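# need a 3D model of the sequence below.
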Amino acid sequence: MGFFNRSYVYQILATNTASISLLIAGCWIAWPSVMIKRLSDENPDLENIGIRLNKYQVSWMVSLLDLGNAISPIFAGILVEKIGRKSALLLNALLCMPTWFLVISKQIPCLYIARFFIGISKGVAYTAMPIFIGEISEHNIRGTLGSIPSGFQMVGTLAILLVGNHVSYNSLNIALSLLPVIFFLLFMMVPETPHFYAAKNNLKRTEKSLKWYRGKKKDVAEEMKSIVEKTQEDLKSKSGYLELLTNESNRRAFTLVMAASLFQRLGGITSMITYSSTLLPKLDNAYFGPDQCILVFMVIMFLSNFLQAPLMDILGRKPLSCFSAALGCLLTFSTGLFYLYQTELSNYQYIPYVTTLLYAGSYYGIGCLPNILVSELFPINVRCQASSCASVALAFGSFVTTKFHILITKSLGQHVIFFIYSSVHLCSVVFNYFYLMETKQKTLAEIQEKLNKRTRNKK
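Below is the predicted model:
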């Protein structure tokens, strides 16, 4: 069945609506790219913003988002489990609403608080989204739907890069404060997942939710029976974070997800988006420079996300992630070589532009892998805990790279940081090739059976 089969309409609609929460996060990720120059104490305050930041304050301003992101998923997992996936995302929207106004308060501590709180919000969204999508989607399109949130995050990032340099500091922040309100009003109309209702033993709402997501004309009796039986069976097992490590099949799944999350972010994607506009070499061409490059970078990432999304369900998770990581390794190593021999290559300043843009096109396979694996590999009794841990790993990777990227480049040179990123991608290739389990076209029950079978075979 094709992706645009009529029975998939409400699953696609719900996924796109929920993904607005990551569009908001994408806006905040790109925000420093257009604001660092305006806020830096190295440049005059032409807009009378009233805030001047030195390089250490800039690094904290950028990385505090990821610090908040790293802290929040633990309690976010509890929230998602207790009040539901939908309610957690709605509550998250309320958390986002005041942050843009903190930014225009002309106080550095308020700027820090806003970035930290939006990091908390991002952690909640990253925890809830994979669970929400995994529980509403049919197995034939789960991989494709799982890639949509990252596309929305890129839309948010791209939007800031497109308009951020052309509007005032205050106007941009006030306009963006409307996004959480829009998300809240739209997502109110989307039902909770059938798995959550099944976990609460509310069969009437389970059926109603499932019929909404599958279309009223589709017979859901067999699927509902499978969901209820599997959910109740899983809930008989122990839950909690310790169960991720003590249960062997959960431990295998946990290792796969944590590795995919750390490799993705320690590969440098967040710091590339954040700092490329200030660190790429200037070109003689007056029409194309660092600002234009990062804009094209996000356009390529956005297009490749949607053009390659069906490949997750056609080629599979393993081949696509290995290919993506291998290309990332080659391109970041090439970028490092350029910066190492930049003096000798003074006539070839366009090289890091080419490698950076090619990296954007190669990122998809490793970019959406963590969210897809979180939605597929865990039984419901530990799904929220697993998603929380993955969010922490993603945030930790982003925090490390955004905090130390600019400090390493200033003290050791740009080539060092790109060689580090290349090494991370190489480790990702090796790990995915030997250890990643293929899950394409399998139901959640079939994946659990495969994990348990591998565990029994090892014994």
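# skip the chain neighbours and tell me the closest residue to the residue nearest to the spatial centre of the chain.
Geometric centre of the chain, nearest residue: S150, 5.5 Å, by CA atoms, centre = their mean. Distances taken as CB to CB, 6 or more residues apart in numbering put C368 closest to S150, at 5.0 Å, once the chain neighbours are dropped. For glycine as for every other residue, the C-beta is placed from the backbone atoms N, C-alpha and C.
# quick one: that neighbour and S147 touch, right?
Yes: between C368 and S147 there is a contact under CB atoms under 8 Å: 4.2 Å.
# if we go by neighbour counts, what in the helix or strand encompassing L235 is buried?
Element membership for L235, per DSSP states H and E: helix 221-236. Residues of helix 221-236 classed as buried: 224, 227-228, 230-231, 234 (neighbour count, 16 or more other CB atoms under 10 Å).
# in whichever strand or helix holds the residue nearest to the centre of the chain, what counts as buried?
Following DSSP H and E, one finds S150 within helix 148-163. For helix 148-163, burial by neighbour count (16+ other CB under 10 Å) applies to 148-161.
# elements contacting it?
Applying 3 or more CB pairs under 8 Å, 6 or more residues apart in numbering; DSSP states H and E, one finds that helix 148-163 makes contact with helix 9-18, helix 20-39, helix 108-136, helix 290-308.
# at 6 Å what do you get?
Applying 3 or more CB pairs under 6 Å, 6 or more residues apart in numbering; DSSP states H and E, one finds that helix 148-163 contacts helix 20-39, helix 290-308.
# and it, how far out from the chain middle?
11 Å (CA atoms, centre = their mean, to the nearest Å).
# the residue nearest to the centre of the chain contacts L369, doesn't it?
No: counting by CB atoms under 6 Å, S150 does not reach L369; the two are 10.0 Å apart.
# might you report the residue contacts of A14?
Shown in contact with A14 (CB atoms under 6 Å, 6 or more residues apart in numbering): 136, 190.
# what distance do you get for it to I447?
22 Å (CB to CB, to the nearest Å).
# next structured bit after the helix holding S150?
Counting by DSSP H and E, what follows helix 148-163 is helix 169-176.
# other SSEs contacting that next one?
By 3+ CB pairs under 6 Å, 6+ apart, helix 169-176 packs against helix 99-103.
# show me which helix or strand of the chain is least confident by mean pLDDT.
Within the chain, no helix or strand scores below helix 444-458, which has a mean of 68 by mean pLDDT, DSSP states H and E.
# for K282, which non-adjacent residue is closest in space?
Per CB to CB, 6+ apart, closest to K282 is G289, 6.0 Å.
# quick check on that neighbour: phi, psi?
Phi and psi for G289, reported as degrees, to the nearest 10, are phi -150, psi -160.
# can you count the residues close to it?
16 (other CB atoms under 10 Å).
# what of G336?
23.
# so how far is H425 from it?
For G336, the distance to H425 - CB to CB - is 12 Å.
# could you do I83 as well?
Counting by CB to CB, the gap from I83 to H425 is 38 Å.
# of the two, which one has the most company?
H425 (26 against 14).
# next up, the contacts around the residue nearest to the more buried one when sequence neighbours are not counted.
Spatial nearest neighbour of H425, chain neighbours left out: C329 (3.7 Å); criterion: CB to CB, 6+ apart. Counting by CB under 6 Å, 6+ apart, C329 touches 422, 425-426.
# how about T409?
I417.
# repeat that for L53.
L53 touches L39, counting by CB under 6 Å, 6+ apart.
# just I131 next, same as before
Counting by CB under 6 Å, 6+ apart, I131 has contacts 85, 383, 387.
# any idea of the angle the helix holding S150 forms with helix 20-39?
Note on geometry: by axes from the mean of the first three to the mean of the last three CA atoms, to 10 degrees, helix 148-163 and helix 20-39 are set 30 degrees apart in direction.
# about what we covered before: adding pLDDT, write the contacts of C329 out as CSV.
Below are these laid out as CSV (pLDDT from 0 to 100):
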residue, pLDDT
S422, 95
H425, 96
L426, 96
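# quick check, nearest of the residues you listed to T443?
H425 (31.6 Å; CB to CB).
# Three-state assignment for that closest one, please.
helix (DSSP: H, G, I helix; E, B strand; the rest coil).
# leaving out chain neighbours, which residue sits closest to P191?
S209 (4.6 Å).
# what do you get for N371?
Per CB to CB, 6+ apart, closest to N371 is P130, 4.5 Å.
# quick one: low-confidence parts of the stretch 251-400 of the chain?
For the stretch 251-400 of the chain, the stretches with pLDDT under 70 are 277, 285-286, 308-309.
# can you rerun that using 90?
251-253, 268-320, 341-352, 360-400 (pLDDT under 90).
# residue with max distance from the center of the chain?
E344 (37.8 Å).
# confirm that residue sits in a helix?
No: counting by three-state DSSP, E344 falls outside a helix, being coil.
# show me what contacts it?
Per CB under 6 Å, 6+ apart, neighbours of E344: none.
# any idea how far L337 is from it?
11 Å.
# what do you get for A386?
On the measure of CB to CB, A386 and L337 end up 38 Å apart.
# more neighbours, the two?
Remark: of A386 and L337, A386 carries more neighbours, 27 against 17, as counted by other CB under 10 Å.
# the residue nearest to the more buried one when sequence neighbours are not counted and V296, how far apart?
Distances taken as CB to CB, 6+ apart place F378 nearest to A386, at 4.4 Å, with adjacent residues excluded. F378 sits 37 Å away from V296, going by CB to CB.
# got it, and V124?
31 Å.
# looking only at neighbour counts, state which of those two leads.
V124 (27 against 16).
# the more buried one contacts N92, correct?
Yes: if you go by CB under 6 Å, V124 and N92 touch, sitting 4.3 Å apart.
# assumed F288 was part of a strand.
No: under three-state DSSP, F288 sits outside any strand and is assigned coil.
# quick check: it vs L280, distance?
From F288 to L280 the distance is 11 Å (CB to CB).
# could I get the pLDDT score of the nearest residue to N201 once chain neighbours are set aside?
Nearest non-adjacent residue to N201, counting by CB to CB, 6+ apart: Q232, 7.7 Å away. At Q232, the model reports a pLDDT of 80.
# flag the shaky bits of the stretch 51-200 of the chain, pLDDT-wise.
51-82, 91-131, 133-179, 195, 198-200.
# CA-only coordinates of stretch 124-134 in CSV, if you can.
Taking C-alpha atoms only, stretch 124-134 is exported to CSV below (Å, rounded to 0.1, in the frame of the first residue of the first chain):
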residue,chain,number,x,y,z
VAL,A,124,9.8,16.8,26.8
ALA,A,125,9.0,16.9,23.0
TYR,A,126,11.8,14.5,22.1
THR,A,127,10.6,12.1,24.8
ALA,A,128,7.0,12.1,23.9
MET,A,129,7.1,12.3,20.1
PRO,A,130,8.7,8.9,19.3
ILE,A,131,6.3,7.2,21.7
PHE,A,132,3.3,9.1,20.2
ILE,A,133,4.2,8.3,16.6
GLY,A,134,5.1,4.6,17.3
